[in-house]
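1. predicted model and sequence follow; I will ask about them next.
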Amino acid sequence: MSWFRCFIITARLRVLTGVLLGVVALFGGCSALRIGYRQASDLMYWYLDGYVDFNAAQTPRVREALTQWLVWHRRTQLPDYAALLARAQTEVLADTTAARACEWQHEVIVRVDAAFDRAVPELADFLLTVTPQQVQHVERRQAKANDEFREEYLQPDPRKRAVMTLRRTIERAESLYGKLTDAQRARLAEALLRSPFDPESWLAERRQRQQEALSLMRRFGGDGAASEQAQAALRAYVQRMQNSPREPYRRYAERLNEFNCASAAALHNGTNTVQRRAAAQKLAGWEGDMRALVVDVPRSLSANVPR
């Protein structure tokens, strides 16, 4: 796990921000990140529509909410992200610790929570308009996503599963540091043998959360007078995602997080000067992209978005 991996994993736990960062992550280079962000409103809409199948009444409201949220995010959050990346450029040149890796993860969580909290009123308003047909559509899409999860993480052959896990880990590390040496890859493979990562437990928890989401949709769909209750329920749902009410999974997640922080530190401390400089350059590119996007906020839209 790398600094970037901590960023992406944590961010994807949130609805809108997860979609946004997932979309942006599809673009590889720095200039491409700017292009992806500028198209994010449409891309986020298409992604969400694939899950929910918005109707004619919902579509313009969802599009407007996404546009306004993105303008707010671009104007108020990206400067902070850029400052965080500037700090990371300095730290990535030196050794680190597992505790510091976990601190970085916490800093990201705080920022993503703020972004989600901003979206809650609009999410609640949408939740009140959900139809039974849309609940069924989401349920089918969840089933498809679970099949994709099994294909990616639950190969029947344990050896193939281990190979795929190592491949994903190497790809994530190299996305920041550049090409790893054979010795670094070997150390990663050895470390993964000690990992508590359990995709079966992850899938079981994921399915529980999916059922909770469907329950929320059924509970509030069509109840136009329950906005405040829906907002509270959404915030409680996200809190349960962070801290599962199921104790066995919560203990497992804590063990995994500790391992990941230690692994991120060990991976980083095993990199050489050239790799750390490459990481710093990549972080600087992301910082520059974010600062450029802040400057490029359309004034016509920005003037209508409260701070």
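-> Cool, the structure landed. Numbering: from 1, shown residues only.

2. which SSE is immediately downstream of the helix or strand that contains residue 65?
-> Applying DSSP states H and E as the criterion places residue 65 in helix 58-72. Following helix 58-72 in sequence order, the next helix or strand is helix 78-91 (DSSP H and E).

3. still on that earlier bit, list the buried residues for the helix holding residue 65?
-> If you call a residue buried by 16 or more other CB atoms under 10 Å, then helix 58-72 has these buried ones: 58, 62-63, 65-72. For the C-beta atoms, the positions are set from N, CA and C on the backbone; glycine is no exception.

4. how distant is it from the center of its chain?
-> Chain-centre distance of helix 58-72: 20 Å, with CA atoms, centre = their mean, to the nearest Å.

5. helices and strands around it, which ones?
-> Helix 58-72 sits against helix 15-25, helix 40-52, helix 98-127, helix 299-302, with contacts defined as 3 or more CB pairs under 8 Å, 6 or more residues apart in numbering; DSSP states H and E.

6. could I get the buried residue list for the second one?
-> Read it as helix 40-52. 40-41, 43-45, 47-48, 51-52.

7. just the third one next, same as before
-> The neighbour-count criterion (16+ other CB under 10 Å) identifies 98, 100-102, 104-105, 107-109, 111-113, 115-116, 118-120, 122-127 as the buried residues of helix 98-127.

8. before we move on, what about stretch 263-272?
-> Burial within stretch 263-272, assessed by neighbour count using 16+ other CB under 10 Å, is assigned to 263-268, 270-271.

9. want to try JSON lines for these, with pLDDT, distance to residue 179 and secondary structure as columns?
-> Shown next, in JSON lines, are these (pLDDT from 0 to 100; distance: CB to CB, whole Å; DSSP: H, G, I helix; E, B strand; the rest coil):
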{"residue": "263", "pLDDT": "94", "distance to residue 179": "19", "secondary structure": "helix"}
{"residue": "264", "pLDDT": "93", "distance to residue 179": "18", "secondary structure": "helix"}
{"residue": "265", "pLDDT": "95", "distance to residue 179": "21", "secondary structure": "helix"}
{"residue": "266", "pLDDT": "95", "distance to residue 179": "18", "secondary structure": "helix"}
{"residue": "267", "pLDDT": "95", "distance to residue 179": "14", "secondary structure": "helix"}
{"residue": "268", "pLDDT": "96", "distance to residue 179": "16", "secondary structure": "helix"}
{"residue": "270", "pLDDT": "97", "distance to residue 179": "14", "secondary structure": "coil"}
{"residue": "271", "pLDDT": "97", "distance to residue 179": "11", "secondary structure": "coil"}
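
10. residues touching the residue of the chain most remote from its centre, list them.
-> Distance from the centre of the chain peaks at residue 225, with 31.2 Å (CA atoms, centre = their mean). Contact analysis of residue 225 by CB atoms under 8 Å, 6 or more residues apart in numbering lists nothing.

11. that older thread, for the record, mean pLDDT for the helix holding residue 65?
-> Mean pLDDT, computed over helix 58-72, is 94.

12. got the angle for that helix vs helix 98-127?
-> Relative orientation of helix 58-72 and helix 98-127, computed by axes from the mean of the first three to the mean of the last three CA atoms, to 10 degrees: 140 degrees.

13. report the angle between helix 58-72 and helix 40-52.
-> If you take the same axes, to 10 degrees, helix 58-72 sits at 140 degrees to helix 40-52.

14. what about dumping the CA coordinates of helix 58-72 to PDB?
-> What follows is helix 58-72, C-alpha atoms only, in PDB (Å, rounded to 0.1, in the frame of the first residue of the first chain):
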ATOM      1  CA  GLN A  58     -35.000  13.000 -11.000                       C
ATOM      2  CA  THR A  59     -32.500  13.600 -13.800                       C
ATOM      3  CA  PRO A  60     -32.400  17.400 -13.900                       C
ATOM      4  CA  ARG A  61     -32.300  17.600 -10.100                       C
ATOM      5  CA  VAL A  62     -29.500  15.100  -9.800                       C
ATOM      6  CA  ARG A  63     -27.500  16.800 -12.500                       C
ATOM      7  CA  GLU A  64     -27.800  20.200 -10.900                       C
ATOM      8  CA  ALA A  65     -26.900  18.800  -7.500                       C
ATOM      9  CA  LEU A  66     -23.800  17.100  -8.900                       C
ATOM     10  CA  THR A  67     -22.700  20.300 -10.700                       C
ATOM     11  CA  GLN A  68     -23.200  22.400  -7.600                       C
ATOM     12  CA  TRP A  69     -21.400  19.900  -5.400                       C
ATOM     13  CA  LEU A  70     -18.400  19.800  -7.700                       C
ATOM     14  CA  VAL A  71     -18.100  23.500  -7.900                       C
ATOM     15  CA  TRP A  72     -18.100  23.700  -4.100                       C
END
